[in-house]
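A.B. asks: give me the fold of what follows.
(one chain, ligands or ions: 1)
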Amino acid sequence: MIELIDVHFSYSGREVLKGITLGIEQGEVFGLLGPNGAGKSTLIMHLNGVLRPQKGKVLVNGIDAARSPREVRKKVGIVFQDPNDQLFSPTVFEDVAFGPYNLGLRGEELKERVFKALKLVGMESYADRDVKRLSFGEKKRIAIATVLAMEPEVLVFDEPFANLDFKGKRKLRELIERFRGERTIILASHEAEYLTMCDRVALMDGGKVIAVGTPKEVFGNAELLKSHNLDVPPLIELFLSLGLDVPKDIGEAKTKIANFLSQSSK
Ligand SMILES: Nc1ncnc2c1ncn2[C@@H]1O[C@H](COP(=O)(O)OP(=O)(O)OP(=O)(O)O)[C@@H](O)[C@H]1O
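C.D. replies: Next up, the predicted model:
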């Protein structure tokens, strides 16, 4: 679905992407893990042609993102790290309606699309609210809804869990599970904890891909993570030390522990 081939990018002569080659399959939940400044957001902005590689290529379903950004933007929806970069209308309804309106939706169809997206992030009662007066976490959930309302095939989330409360994080996890396999989902974070639900993870640092593998393969290498200034969450460390696979959430962690205890008592 997405192919990055030797992508290089510099800001004012300083190279921050140094030859990224990466393939992401259709329907995959893919994690980009890397410390601050690794180049995750810069890479993400290449996925819909906001930034263009100075060398190399980004292909979405075979379409060159730099050459056909308009076409690619219909396929790839990006939720930016800071919702203030994404929200600009007076009310929540208008902000969420903006994308589908531009896709040609009107009347009841538009209204249905907006409320469907708001419901997915648990914000349907916020439609008439003034965007400027929302809290940061509320804005973040609305920013997610603005992208969901366009129903893109690829959903990209840059640090989506940061600043969300318990309910916000739960809703986002539910959303990812709901779309698993159906849409391609890319999650960027500097915290491994939020990427355990991924099918595969790429570890990035210094504008390069250092490793790609399952969460077990990548997070299992604690020394590698620490050498790139990344924390190994205690829960992951515990599971790996017991020889168990990394659970994708607390529900799976409970099941794995229960099975482990029943096996050990036999
Ligand atoms: N517009 C810009 N102009 C100049 N340098 C930039 C610009 N945007 C980002 N950078 C620099 O590029 C490098 C990569 O930044 P980027 O935001 O892609 O990293 P990141 O992995 O997303 O980091 P974080 O986890 O902190 O969001 C950093 O050194 C950053 O300071």
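
A.B. asks: for the chain, which residues are neighbours of the ligand?
C.D. replies: 11-12, 16, 34, 36-42, 81, 190 (Cβ under 6 Å from any ligand atom). The C-beta positions use only the backbone N, C-alpha and C, and glycine is treated the same way.

A.B. asks: buried sites along stretch 95-110?
C.D. replies: Of the residues in stretch 95-110, those scored as buried under the neighbour-count criterion (16 or more other Cβ atoms under 10 Å) are 95, 96, 97, 98, 99, 100, 105, 110.

A.B. asks: same thing with stretch 122-140?
C.D. replies: In terms of neighbour count (16+ other Cβ under 10 Å), stretch 122-140 has its buried residues at 122, 123, 126, 127, 129, 131, 134, 137, 138, 139, 140.

A.B. asks: wait, the second one sits on residue 143?
C.D. replies: Spelled out, it's residue 123. No: Residue 123 is beyond contact range of residue 143, at 10.6 Å (criterion: Cβ atoms under 8 Å).

A.B. asks: rounded mean pLDDT for stretch 91-99, please.
C.D. replies: When pLDDT is averaged over stretch 91-99, the result is 96.

A.B. asks: residue 71 against residue 64, yeah?
C.D. replies: No: in this structure, residue 71 sits apart from residue 64 without contact. The criterion is Cβ under 8 Å, and the distance is 9.4 Å.

A.B. asks: am I right that residue 204 is in a helix?
C.D. replies: No: with the criterion set as DSSP: H, G, I helix; E, B strand; the rest coil, the secondary structure at residue 204 is strand rather than a helix.

A.B. asks: quick one on the thing from earlier: among the buried residues of stretch 95-110, which two are most distant?
C.D. replies: Within the buried residues of stretch 95-110, two members stand farthest from each other by Cβ to Cβ: 95 and 105, at 14.7 Å.
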